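J.: Build me a model:
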Amino acid sequence: MQLRNEGRVRMLATDCDGCLTDGGMYFGPNGQAMKRFDVKDGYGLKMLQRSGVLVAWITADESAITRARFEALQGDILLDGVSDKLDALRTAVSRAGCELADVVYLGDDLNDLTVGQAAGSFVAPADAVAEVLAAADVITTRPGGHGAVRQVCEAIIAHNKRLDGDTDA
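T.: Sure, this is the predicted structure:
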């Protein structure tokens, strides 16, 4: 997976539903909602953070489920309940002290197009909507919620190692 970023990647910003999850929702008999997250994706995010890359979640959804998973993974920046994801990414970049060019954005749906195109690299999960697949710089081989995030994390780590002159990358 070849990222478009010219320099080191300093932040992975990702949508939640459809990227960190498969986009499905489970509802119990009392209206209780649940989402499925892949633990391999979570481990990839931790590996990425240990390599020095910040992790931001930018999502239109505002739910206790999303916040609980973010907190369990000890993410760096959570911007939930947002209507303008590009504005939210600008906020995240400002907080982190980096530039849009330093960001890899992972998104799967129409509300990810503008923000993805503003980032250094725009990555789409294999099962993203057609418009996102057409606009993305890179498409994972895995679908959202089933290893797409892990693939992106591994690609960022390899990208940064190559720039650092690590011949094993």
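J.: Longest helix in this protein, by number of residues?
T.: helix 148-163 (DSSP state H).
J.: what are the C-alpha coordinates of that one, in CSV please?
T.: In CSV, the C-alpha atoms belonging to helix 148-163 read as follows (Å, rounded to 0.1, in the frame of the first residue of the first chain):
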residue,chain,number,x,y,z
ALA,A,148,-9.0,-2.2,7.0
VAL,A,149,-7.7,-0.1,9.9
ARG,A,150,-4.9,-2.6,10.7
GLN,A,151,-3.8,-2.5,7.0
VAL,A,152,-3.6,1.3,7.1
CYS,A,153,-1.7,1.3,10.4
GLU,A,154,0.9,-1.1,9.0
ALA,A,155,1.2,0.9,5.8
ILE,A,156,1.9,4.1,7.8
ILE,A,157,4.5,2.4,10.0
ALA,A,158,6.2,1.1,6.9
HIS,A,159,6.0,4.5,5.2
ASN,A,160,7.6,6.3,8.1
LYS,A,161,10.3,3.6,8.5
ARG,A,162,11.3,4.0,4.8
LEU,A,163,11.6,7.8,5.2
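J.: distance between that helix and the chain's centre?
T.: Distance of helix 148-163 from the chain centroid (Cα atoms, centre = their mean, to the nearest Å) equals 12 Å.
J.: Can you spell out which helices and strands pack onto that helix?
T.: Using 3 or more Cβ pairs under 8 Å, 6 or more residues apart in numbering; DSSP states H and E, the elements in contact with helix 148-163 are strand 11-14, helix 39-50, strand 103-106. No exception for glycine: its C-beta is placed from N, CA and C like everyone else's.
J.: Right, I'll leave it there.
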